[in-house]
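In: curious how this folds, go ahead:
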Amino acid sequence: MTSLAGKVVVVTGASRGIGRALAGAYARRGATVALLARDEVQLHGVASELAGEGARCGSFRCDVTSDADCAAAIDGVRARFGGIDVLVSNAGVTLLSPVAALPLDELRDVLDVNLLGPLRLLKLVLPEMLDRRSGQIVVITSVAAARGLPGLGGYAATKAALHTLIDALRAEVDGRGVDVLEVAPGKTTTDILASSRGPGAGHRPLDRLQPTMTAEFVAERVARASERGTRRLTLGLGARLIALAERVSPALTDRLAARAMSR
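Out: As a prediction, this is how the structure comes out:
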């Protein structure tokens, strides 16, 4: 994919944070953007803002944990804009808890959003992409997918599961005209912690480990990688260092992570 101009791009979690910034980044490249999220008021606000900047866009209410919502949203996008060229699965929720204190009901809920949500949507759009041998799946995971950190074990498990799922998908569609891009951002300035789950909700466990990126920086890098057909993108110096340290010496990374979290 060399140009996003005229492409129909679906972005989940588009009412705020990285999702909102992604919608803007794709729109600035000439894409038609379909914004999906649960909060209809915020969603309409983002759509109005983009339309005011000249973007072709539309908003579609969607709870990614609902089969019916996902199907209705994708049907709505097709009815309004036609075939879907790019699916950007960004919607996610954070779970903050030590492993021994993980509330299983909340872990199931977070797994439903972070893993099953992207799966529900790609199952709806992938067949048409394979039929026409053209399309792209973009999935936002996390640096936590490569390295579970204290207080983020449950969240990391959901993102690690998504990472392995996307690896398998990439191999399954190889040579069939569909690109698969995984993006693993480090700590980003968003309000995702406001909706975090678990007994550690409201804490900021990554603050001591890495500097912060803006959502706009992340979105621009993602859109650029989407244009280039990149396979994997790790964003943030801290994220790259954590991933490297895990490969070089997992034991040392354990000690460093525990020390940073205990300060």
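In: which stretches in the stretch 51-200 of the chain count as helices?
Out: Secondary structure of the stretch 51-200 of the chain, counting by DSSP state H, counting those that start in this stretch: helices at 67-81, 104-111, 117-132, 153-172.
In: residue 233: which of the ones you listed is closest?
Out: helix 153-172 (12.2 Å; C-beta to C-beta). In short, each C-beta sits where N, CA and C put it, glycine included.
In: where's residue 34, which helix or strand?
Out: Here residue 34 sits within strand 32-37, counting by DSSP states H and E.
In: next one: that strand to chain centre, how far?
Out: Offset of strand 32-37 from its chain centre (C-alpha atoms, centre = their mean, to the nearest Å): 14 Å.
In: got the angle between that strand and helix 117-132?
Out: For strand 32-37 against helix 117-132, the angle by axes from the mean of the first three to the mean of the last three C-alpha atoms, to 10 degrees is 150 degrees.
In: so for residue 57, which of the helices of the stretch 51-200 of the chain sits nearest?
Out: Nearest of those to residue 57, taken as C-beta to C-beta: helix 67-81 at 9.3 Å.
In: can you find the helix or strand in the protein with the smallest mean pLDDT?
Out: Every helix and strand of the chain was ranked by mean pLDDT, DSSP states H and E. The lowest is helix 250-262, at a mean of 65.
In: which residues touch residue 87?
Out: Taking C-beta atoms under 8 Å, 6 or more residues apart in numbering, we find residue 87 in contact with 9-10, 121-122, 125, 135-138.
In: give me that answer again for 7 Å
Out: Going by C-beta atoms under 7 Å, 6 or more residues apart in numbering, residue 87 touches 10, 121-122, 125, 137-138.
In: for it, list each beta-bridge partner.
Out: residue 10, residue 137 (DSSP bridges).
In: quick one, longest strand in this structure?
Out: Scanning the chain for the longest strand, with DSSP state E as the assignment, gives strand 178-185.
In: so it versus helix 153-172, what angle?
Out: 160 degrees.
In: contacts for strand 178-185?
Out: 1, 129-130, 135-143, 145-146, 163, 166, 169-170, 173, 213, 218, 222, 225-226, 229-236, 239.
In: out of those, which are buried?
Out: Among the contacts of strand 178-185, those buried by neighbour count (16 or more other C-beta atoms under 10 Å) are 129, 135-143, 145-146, 163, 166, 169-170, 173, 213, 218, 222, 225-226, 230, 233-236, 239.
In: now, the contacts of strand 178-185 that are in strands?
Out: Per DSSP E, these map to strands at 135-140, 213, 232-235.
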